[in-house]
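Asks: sequence and predicted structure, then a few things I'm wondering about:
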Amino acid sequence: MALFIRAEGYAMEINGTEILDTFAEAFPIWLSRVIITAATKEWAYKAAVEATGFATSKIGCPCEAGIERYLPSQETPDDRAGISILICSEKKNMRSNVAARISQCILPTPTVSAFDGFPDAGSRFYTRMHYFGDRYEERCMVGSRRCWKIPVMEGDYVGEERFGTVKGIAGGNFLVMGKDQRSALSGAEAAMEKITGMNGVITSFAGGIVASGSKVGCRNYLFPMPASTSHRWCPT
C-alpha cells in the first residue's frame, strides 16, 4: 500500500484505486451481539433476517442492526449452525431492543435458539425471556451457559436471557464515485463483497449500500424533522 499526503488530508492507493481519507461520520454507540442457532443454517439465517428488520438508521428506526457473519458449529454454544447479529442503540434502550427482537422474531422461528455473543462484557442486562413460558419454563444448561427452556408448539425454545453490551462506533462510511450510476453501484457492490463476513462489522442498509446521506433537520419545511436527505444539488 502506498501512502502519500495531500493538502486536504491523507490519501491511499490500493490496487490502483486512490482513496482520499478526508471525512467519515462516526459517533459512539452501544452494541449487543446475539448468536442465533438452528437445526440448519438456512433457518438461522431466516431468524437473523427477521431480527434485523427495520433497523437501518437511528434517525427513524428503534435501533441499527445487521448480520455480522455465519458461524460454524464449533463456534456456537450448542454446536449447531449459527449466525451472529449486532444490535446497536443507546445503552438505555438496549434491553428493550434486544428483548423485542428475540421474543418477536427469533423465538417464533422453528428450531432456533439465541445466545449472548458478548459473554465477557462487563455491562449486562436481562431480557426476561422466560416469562413467555407462563410458568411452564424450566432452567437448563447448554455447555456452561445458564439458559431457559420455554415450551412452544413444535417442542422447546432454548436460549439465554442475559446479554452483554459493549461500546462501539456507528456511522462510519465512505463515498463511492463513478462516471455514471451503473459504474458507481458496481464499485459499491464490489466493496460489499469484501466487507461481508468481517468480525465486528455490520452494514445495516439494504445490501450494505445507502443511496443518500442525510442532513440534520430540513431547510424548507417549518415542521420539525430529525433529518432530511442530502441532495445532488441545493438551490441558493
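Replies: Perfect, I can see it now.

Asks: pull out the CA atoms of the longest helix belonging to the chain and give them to me as PDB.
Replies: Longest helix of the chain, by residue count under DSSP state H: helix 181-195. Extracted in PDB, the C-alpha atoms of helix 181-195 (Å, rounded to 0.1, in the frame of the first residue of the first chain):
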ATOM      1  CA  GLN A 181     -24.900   5.300 -11.700                       C
ATOM      2  CA  ARG A 182     -24.100   1.800 -13.000                       C
ATOM      3  CA  SER A 183     -20.300   2.000 -12.500                       C
ATOM      4  CA  ALA A 184     -20.700   3.600  -9.000                       C
ATOM      5  CA  LEU A 185     -23.100   0.900  -8.000                       C
ATOM      6  CA  SER A 186     -20.800  -1.900  -9.300                       C
ATOM      7  CA  GLY A 187     -18.000  -0.400  -7.200                       C
ATOM      8  CA  ALA A 188     -20.200  -0.300  -4.100                       C
ATOM      9  CA  GLU A 189     -21.200  -3.900  -4.700                       C
ATOM     10  CA  ALA A 190     -17.600  -5.000  -5.000                       C
ATOM     11  CA  ALA A 191     -16.800  -3.200  -1.700                       C
ATOM     12  CA  MET A 192     -19.700  -5.000   0.000                       C
ATOM     13  CA  GLU A 193     -18.400  -8.400  -1.100                       C
ATOM     14  CA  LYS A 194     -15.100  -7.700   0.800                       C
ATOM     15  CA  ILE A 195     -16.900  -6.300   3.900                       C
END
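
Asks: helix or strand next in line after it, which one?
Replies: Later in the chain than helix 181-195, the nearest helix or strand by DSSP states H and E is strand 214-216.

Asks: just give me how far that next one sits from the chain centre.
Replies: Here strand 214-216 shows a centroid-to-chain-centroid distance of 22 Å under the convention Cα atoms, centre = their mean, to the nearest Å.

Asks: pairing partners for it, with directions?
Replies: Strand 214-216 pairs in its sheet with strand 227-229 (antiparallel), by DSSP bridges.

Asks: buried ones in the longest helix of the chain, by neighbour count?
Replies: By neighbour count on 16 or more other Cβ atoms under 10 Å, the buried set for helix 181-195 is residue 188. Heads up, the C-betas are built off the backbone N, CA and C, glycines and all.

Asks: this completes my enquiry, with thanks.
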